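Engineer: Everything below, folded, please.
(chains A and B)
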Amino acid sequence: MTRFLIRRLLSAALTLFAVSVLSFLMFFALPRDPVSGMCPKNCNPERLERVRQELGLRDPLISQYAGYMKGIVTGRDLGSAQGGRCDAPCLGWSYVSNEAVSDTIARVLPVTLSIVIPAAILWLLLGVGLGMLSALRRGSWLDRAAIGFSLTGASLQLYFVGAVLLIVFVYNLRLLPVPSYTSLFDNPVKWSSGLVLAWVALAFLFSAIYARLSRAQMLETLSEDFVRTARAKGLAKRAVYGRHALRAAITPVVTIAGLDVGGALGGTVITETTFGLNGMGRTAVDAVRAGDLPTIMATVLIAAVFVVLANVVVDLLYAVIDPRVRLG
Amino acid sequence: MGRSETVPSGEPGRPEMPGQRSGEAPYLQVTDLRVRFDTEDGVVKAVDGVSFSVERGRTLGIVGESGSGKSVTSLAILGLHNSRRATITGEISVGGRQLVGLAEEEVRRLRGRDMAMIFQDPLSALHPYFTVGRQIAEAYRVHHPKAGRREARTRAVDMLGRVGIPQPERRFEQYPHEFSGGMRQRAMIAMALINDPDLLIADEPTTALDVTVQAQILDLLADLQAEFRSAIILITHDLGVVSQVADDVLVMYGGRAVERGSVRQVLRAPQHPYTWGLLSSVPSLHGDADANLVPIAGNPPSLINLPSGCAFHPRCRYAGVNGDRSRTEVPALGAAGEAGHLVACHLPAAERERIYRDEILRTGVAR
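Structural biologist: Predicted structure coming up:
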């Protein structure tokens, strides 16, 4: 198990390294001159050249990459034009928002985390619970209702669901305030009342997929021989389903959930836009629109980190669930 | 399998009367069992009026092709069919208790305690995520709710040792994928026998194993039976296995019993053309190595649309002997020759005997 863990972490580190190189190269591959973005008007060639020198853009790529990575790990000095000393994790300076990128991220990342994590808990509980129940009561009204629910969820778009929720709960019934972000640590009540609609909308769409997936998995597992063995032992239904079948059926759900949560943490553009919340997704889109290269790089890198980490977590969970994985 | 050069019609070597012998009542008594499944294509009559009984300490071999109803019968005894999809009628009496129509919870209490089952493929029948020991101990604890973890563990380790698994303490902690095929089946047997069941159903227990391991497993079953005096049903399509360990045989075809009797009666003096076919398609270690194996022509029947009359008639070479009777009338299971030997065939007894002696034996294919 320890060896498995070490190997898995090493390969995750390798993946992250590759991602960082790629996102760094993207900086240069994009059809936009990083410097002209920084000084929009009245920039004569000499001045542009001076800025390039100052930014280190004339250095070899490798030393530029090393500098960027050093900034993330230990912080670095960016020069007076970019706010001077930049503490770790330094992700560069944005000329568009005129602040260190890490400050931007520190502001918007909690928003995305606050949207995604509660929503994920909600959609996993609801989706998996519903899927399992409808598999166990196959053909019942509950099963049919669950299938209808997943079909609805799968065919609706978030901005539609979000708009309906907003109209009903905020503008008509006035039960909830207009969505906004307040830090959980400042005011938990405001935090949840400002985000609950985003959770519900996101969870509704995702739980539809999870209900389908876990229903199918459970039905497949129920026809396995080991489930028959469990019944032949005389185990009660609860133990057969809860202990033997659930554990096998949940494994593929864990994989998908890891990927979904990891991906969503990188930004939920549509959710954030629909509810007017400023998280990672909107920041990334705005940065692309404004040609804010340091911010684009940072959002890409962070999204990649989340996906890689989510995969590590999935693999570890897998090893905990399935003893055969530990050998591999 | 033993050879028979003569038609055995003389004195039986030892009393081998199947079914009701004097003394105790059979532990398992199945009467007119019918199992039907409603499917979109129609009603599948998987078992269609089968009766048999097994006493303690005896082994009944149920033989037949795939789809003959062997496994469906055994799953019905344990009550493992989905009650919403399967309709079960008839009588299943286990230790004097009537199981058909009994509440699911009542049957569950008997399952694993009074009657247990061993499945064909031990790899898929064991849960891949739990240690072998835990799965065996679990089987003990279900029926001994007062037993603690440690007691169940001791029992399970003891049982693993008794089924011939070396280092049972260490094996207890291992997962099914760390066991070899034969060891896995031993573990399954340990799991099935941990509550000293009076009835053990083994559904093709050796099919997934290689031949040397097969013999070991069969020996183990025989030893354990001698020790626990349980009634065993051995489901197989392998007549060699039947001749090794069974006392009585039930031959099934298309969900019906076509022949029943002691092993000696059925294997040495088979009465039904289907049994002849089964015997002719088995190679013999002692016979002529060059002799051709004769497969039974045709395919097993559809259980939705069973052939009229005798279900075997489309594949039977002798179906025409009696005019149209085999096509129109379902033959009843009736006495054939020796007491206790039953067959469901329209051929007159004398004719059957003549065909078996002159045609089946002479061609050297039925040994």
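Engineer: residue in the stretch 151-300 of chain A nearest to chain B?
Structural biologist: A:G234 (3.3 Å; C-beta to the nearest C-beta). Where you see a C-beta, it was placed from the backbone N, CA and C, and this is true even at glycine.
Engineer: Tell me the pLDDT of A:D315.
Structural biologist: Looking at A:D315, its pLDDT reads 89.
Engineer: does the helix or strand encompassing A:D103 come close to chain B?
Structural biologist: A:D103 belongs to helix A:101-136 when assigned by DSSP states H and E. No. For helix A:101-136, no contact with chain B is found by C-beta under 8 Å from any C-beta of the partner chain; the gap never falls below 12.0 Å.
Engineer: Go through that helix and flag the buried ones.
Structural biologist: The neighbour-count check on helix A:101-136 (16 or more other C-beta atoms under 10 Å in any protein chain shown) flags A:101-102, A:104-105, A:108-112, A:114-116, A:118-120, A:122-124, A:126-128, A:130-136 as buried.
Engineer: Same check on stretch A:59-66?
Structural biologist: By neighbour count with 16+ other C-beta under 10 Å, stretch A:59-66 contains the buried residues A:64-65.
Engineer: Quick one: mean pLDDT over it.
Structural biologist: Computed over stretch A:59-66, the mean pLDDT rounds to 84.
Engineer: and if you look at stretch A:272-287?
Structural biologist: Averaging pLDDT along stretch A:272-287 gives 94.
Engineer: Need the contact partners of that stretch.
Structural biologist: By C-beta atoms under 8 Å, 6 or more residues apart in numbering or on different chains, the residues outside stretch A:272-287 that reach it are A:94, A:96, A:104-105, A:107-109, A:111-112, A:115, A:158-159, A:162-163, A:166, A:178-181, A:195, A:197-198, A:201, A:265-271, A:292-293, A:295-296, A:299-300, A:302-303.
Engineer: Can you list the low-confidence ranges for chain B?
Structural biologist: Residues of chain B meeting the criterion pLDDT under 70: B:1-24, B:284-289, B:291, B:362-367.
Engineer: Spatially central residue in it, please.
Structural biologist: Geometric centre of chain B, nearest residue: B:I235, 2.5 Å, by C-alpha atoms, centre = their mean.
Engineer: who's the residue in the stretch 201-350 of chain B that chain A sits nearest to bridged to?
Structural biologist: Closest contact between the stretch 201-350 of chain B and chain A, by C-beta to the nearest C-beta, is at B:I201 (8.9 Å). Beta-bridge partners recorded for B:I201 (DSSP bridges): B:M117, B:I233.
Engineer: need the contact list for it.
Structural biologist: B:I201 neighbours (C-beta under 8 Å, 6+ apart): B:74, B:77-78, B:115-118, B:232-233, B:235.
Engineer: before we move on, what about B:N195?
Structural biologist: Residues near B:N195 by C-beta under 8 Å, 6+ apart: B:112-113, B:116, B:139-140, B:143-144.
Engineer: Can you classify it as helix, strand or coil?
Structural biologist: Secondary structure, DSSP: H, G, I helix; E, B strand; the rest coil: B:N195 is coil.
Engineer: how close does the residue of chain B found nearest chain A get to B:I194?
Structural biologist: Across chain B, no residue is closer to chain A than B:G112, which sits at 3.3 Å (C-beta to the nearest C-beta). According to C-beta to C-beta, to the nearest Å, B:G112 and B:I194 sit 9 Å apart.
Engineer: Give me the common contacts of these two.
Structural biologist: Here B:G112 and B:I194 share the contacting residues B:A139, scored by C-beta under 8 Å, 6+ apart.
Engineer: Name the residues of chain A found near chain B, please.
Structural biologist: So far as C-beta under 8 Å from any C-beta goes, chain A lies against chain B at A:139, A:224-226, A:228-236, A:239, A:244, A:247-248, A:321-324, A:327.
Engineer: let's go with 7 Å and repeat that
Structural biologist: Within chain A, the positions near chain B by C-beta under 7 Å from any C-beta of the partner chain are A:224-226, A:228-229, A:231-236, A:244, A:247-248, A:321-324.
Engineer: Surely the residue of the stretch 151-300 of chain A closest to chain B is in contact with B:A116?
Structural biologist: No. Counting by C-beta atoms under 7 Å, A:G234 does not reach B:A116; the two are 8.6 Å apart.
Engineer: Please tell me how far the nearest residue to B:E351 once chain neighbours are set aside sits from B:R352.
Structural biologist: Residue nearest to B:E351 in three dimensions, not counting chain neighbours: B:V321, with 6.5 Å by C-beta to C-beta, 6 or more residues apart in numbering or on different chains. Note on B:V321: its distance to B:R352, by C-beta to C-beta, is 10 Å.
Engineer: and what of A:R212?
Structural biologist: Distance of A:R212 to B:R352, computed by C-beta to C-beta: 59 Å.
Engineer: With A:I6 instead?
Structural biologist: Computed with C-beta to C-beta, the distance linking A:I6 and B:R352 is 73 Å.
Engineer: what's the answer for A:V161, then?
Structural biologist: Per C-beta to C-beta, A:V161 is found 75 Å from B:R352.
Engineer: hang on, the earlier thing: which of B:V321 and B:R352 has more neighbours?
Structural biologist: Taking neighbours as other C-beta atoms under 10 Å in any protein chain shown, B:V321 and B:R352 compare with B:R352 leading, 23 against 16.
Engineer: contacting residues around the more buried one?
Structural biologist: Applying C-beta atoms under 7 Å, 6 or more residues apart in numbering or on different chains, we find B:R352 in contact with B:271, B:345.
Engineer: That one - that's part of a helix, no?
Structural biologist: Yes. Per three-state DSSP, B:R352 lies within a helix segment.
Engineer: where's it relative to B:L110, distance?
Structural biologist: Remark: distance between B:R352 and B:L110 (C-beta to C-beta) = 40 Å.
Engineer: Please consider this matter closed, and thank you.
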